[in-house]
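Participant: Here you go, sequence then predicted model.
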Amino acid sequence: MHFFAVCDGHGKFGQEISSYVKYSLPQMLSQQDMENDAHVKLEKTFVKIHEELKNFSDCSRSGTTCCSVFFNGRYLVCANVGDSRAIVINSSGRVTQLSTDHKPDLPQEKNRIIKNGGRVYARRTSQSSG
């Protein structure tokens, strides 16, 4: 069995949050029998870590993406939060995208964010001339 994950923290506490996920996710998964229902166990573990992070740090403007792949020799399962992406390239060079980015400019993601009490807006930046 193999498990791979990439975490990309953002915001003031992003590094601490991504480090927490980086160590907690494999530890929690190693305590489970991943032979059956790996997709369900990955999803439940992501939810559990999300709940734990509420007590860990101020996540109101910080967080992490996490794109993970579990492979046991028979099947491959991808679990993704955020806009990090997983792809597979087979021996003939064919590329298959495994995950879908969670970007707020996508209608489905924008609706999910708003439905859960979040907000989506474009951040204005000042541009200097010259």
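Facilitator: Received, thanks.

Participant: Would you map the strands across this protein?
Facilitator: Using DSSP state E, the strands found in the chain span residues 2-10, 63-71, 76-81, 87-89, 95-97.

Participant: Any idea which of these gets closest to residue 47?
Facilitator: strand 76-81 (10.1 Å; Cβ to Cβ). Where you see a C-beta, it was placed from the backbone N, CA and C, and this is true even at glycine.

Participant: now the closest one: mean pLDDT?
Facilitator: Averaged over strand 76-81, pLDDT sits at 90.

Participant: which residues are contacting that strand?
Facilitator: 38-39, 42-43, 46, 64-71, 86, 88, 98-100, 102 (Cβ atoms under 8 Å, 6 or more residues apart in numbering).

Participant: switch to 10 Å and redo it
Facilitator: Contacts with strand 76-81, where a contact means Cβ atoms under 10 Å, 6 or more residues apart in numbering, come from 2-7, 21, 25, 34, 37-43, 45-46, 49-50, 63-71, 85-88, 97-102.

Participant: mind putting the strands of the chain in JSON lines, distance to residue 119 included?
Facilitator: Converted to JSON lines, these look like this (distance: least, Cβ to Cβ, whole Å):
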{"stretch": "strand 2-10", "distance to residue 119": "16"}
{"stretch": "strand 63-71", "distance to residue 119": "15"}
{"stretch": "strand 76-81", "distance to residue 119": "19"}
{"stretch": "strand 87-89", "distance to residue 119": "31"}
{"stretch": "strand 95-97", "distance to residue 119": "28"}
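
Participant: To residue 109, which of those lies closest?
Facilitator: strand 76-81 (11.4 Å).

Participant: Describe which strands the closest one pairs with in its sheet and in which direction.
Facilitator: Sheet pairing of strand 76-81 (DSSP bridges) gives strand 63-71 (antiparallel).
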